[in-house]
Every structure is written in structure tokens, then in C-alpha cells.
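Student: Show me how the following folds:
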Amino acid sequence: MTATLPTRPARPRPGLVETLNTRRHRPALVAFAVLVLAHWAEHIAQAVQVYLLGWPVPEALGVLGLWLPWVVTSEWLHYSYAIGMLVCFVVLRHGFVGRAASWWRAALWIQFWHHLEHLLLLLQAVTGTYLLGFDKPTSIVQLVIPRVELHLFYNTIVFVPMVVAMVRHRRPLPAERDRIACGCAVSAPRPPAE
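Tutor: Numbers count the residues shown, from 1 in each chain. Model prediction:
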């Protein structure tokens with residue numbers, strides 16, 4: 001008769017959110033940053049078209065808009081990007097601790113507002129009922145700042161705390177280093193040899 005050893009229950013596989021905030025946090029952040037930079041490039045191209053090339057705003061659609069103008073002028077595209085960014089901020093927030101987490105939350109909340117502005121624009125485009133009787137979809141802050149400048153402003157105020165969060169996450173304080181569950185942090189510098 002052979003004795004059977006008790007088996008240890010298998011540890012459940014980590015879910016997607018846990019994986020993206022632990023062993024896949026760095027590649028997820030890199031992919032997110034590439035997406036955000038591509039979006040930035042489109043807005044900068046649009047600003048160049050308006051301010052350096054003198055194109056009328058309705059014709060300044062960035063690089064993508066030169067080939068697919070119907071896509072770039074769609075409020076669905078802009079809302080999809082805004083909600084996608086918000087989802088990325090929410091999902092990837094669990095990997096941040098300390099100072100980096102504070103900066104990431106700041107970017108998340110600014111993006112939440114930006115998402116609400118795009119939701120308002122989308123609802124106006126879908127219903128054909130425009131804010132305050134305007135002849136096109138208009139956001140709340142757009143009542144004060146024109147749309148081209150407003151998107152540069154929103155992208156800046158979301159991007160800056162996002163980058164600060166990523167830098168602080170890569171270079172945590174010693175007290176924060178032990179709480180990080182991913183491999184994003186660069187190695188701590190070694191003390192000089194005596």
C-alpha cells in the first residue's frame with residue numbers, strides 16, 4: 001500500500017488586472033505611453049496645420065485625418081479614445097504606490113473630466129441637440145477655450161502628471177520600493193565601496 005502525499009491546492013492563476021499590475025506592468029505602461037504619444041502627435045500635427053501652415057480649423061485634421069477624415073471628425077473616435085484612456089488609468093493604477101500613485105490618481109481624475117467632456121460631445125452628436133443652441137457639438141470648457149487649443153490643454157494636463165507618476169514609479173523612494181509588486185523600478189544605486 002502506498003501512501004499518498006496530501007496535495008497543496010493549486011494557486012489560482014492571476015487575473016488580467018493583477019497580471020497587468022505585477023509582471024506585465026512595465027510592458028502595459030510602455031504600450032499605454034506609446035498610444036498616448038501617438039495621440040499627442042496627432043494633436044501637434046493639427047496645431048502645426050492651423051498655426052504654421054494656416055489651414056482653416058475644419059481642414060486641419062492631423063495626419064490620420066488626411067487619409068481618413070470621416071474617422072477623425074467622428075465624436076465616436078474621440079469618445080472611444082477618452083474612455084479607453086480612462087480604463088487604462090483605472091486598470092494600471094494598482095501597480096503604483098506612494099508619490100507615484102498620487103500623481104497617477106491626479107492624471108486619472110483629470111482624464112475622468114476629459115472623458116465627461118467627450119461624453120457630452122458624443123451625446124450632442126448622436127441626438128443633434130447642441131449645447132446652448134450652438135450649431136455643432138460643444139463641450140463646457142470649449143465655451144471659453146477653442147477646441148484645438150482645448151485639446152492641447154487637456155492632453156498636457158493629463159500627460160504631465162502621468163509622466164511624473166511613471167518616473168516616480170521607476171525611481172521610488174526607499175520606503176516605497178518594498179511595496180512595489182512589479183519590476184518597473186530601476187535598481188537602487190549601490191553605496192560606494194570604501
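
Student: Leaving out chain neighbours, which residue sits closest to residue 32?
Tutor: Nearest residue to residue 32, sequence neighbours excluded (CB to CB, 6 or more residues apart in numbering): residue 88, at 5.0 Å. The way it works is simple: take the backbone N, C-alpha and C, and place the C-beta from them, glycine included.

Student: Actually, residue 131.
Tutor: Closest to residue 131 by CB to CB, 6+ apart is residue 138, at 4.7 Å.

Student: That neighbour against residue 123, yeah?
Tutor: No: counting by CB atoms under 8 Å, residue 138 stays clear of residue 123, with 11.6 Å between them.

Student: If you count surrounding residues, which of these two has more?
Tutor: Taking other CB atoms under 10 Å, residue 138 and residue 123 do not tie; residue 138 has more neighbours (18 against 14).

Student: lowest confidence element among the helices and strands of the chain?
Tutor: Every helix and strand in the chain was compared by mean pLDDT, DSSP states H and E; the lowest is helix 69-72, with a mean of 83.

Student: Spit out the contact partners of the most centrally placed residue in the chain.
Tutor: Centroid check for the chain by CA atoms, centre = their mean gives residue 85 as the closest residue, at 3.9 Å. Contacts for residue 85 (CB atoms under 8 Å, 6 or more residues apart in numbering) come out as 36, 111, 114-115, 158.

Student: redo that, cut-off 7 Å
Tutor: Residues counted as contacts of residue 85 (CB atoms under 7 Å, 6 or more residues apart in numbering) are residue 111.

Student: just checking, residue 45 touches residue 60?
Tutor: No: with contact defined as CB atoms under 7 Å, residue 45 does not reach residue 60; the gap is 8.4 Å.
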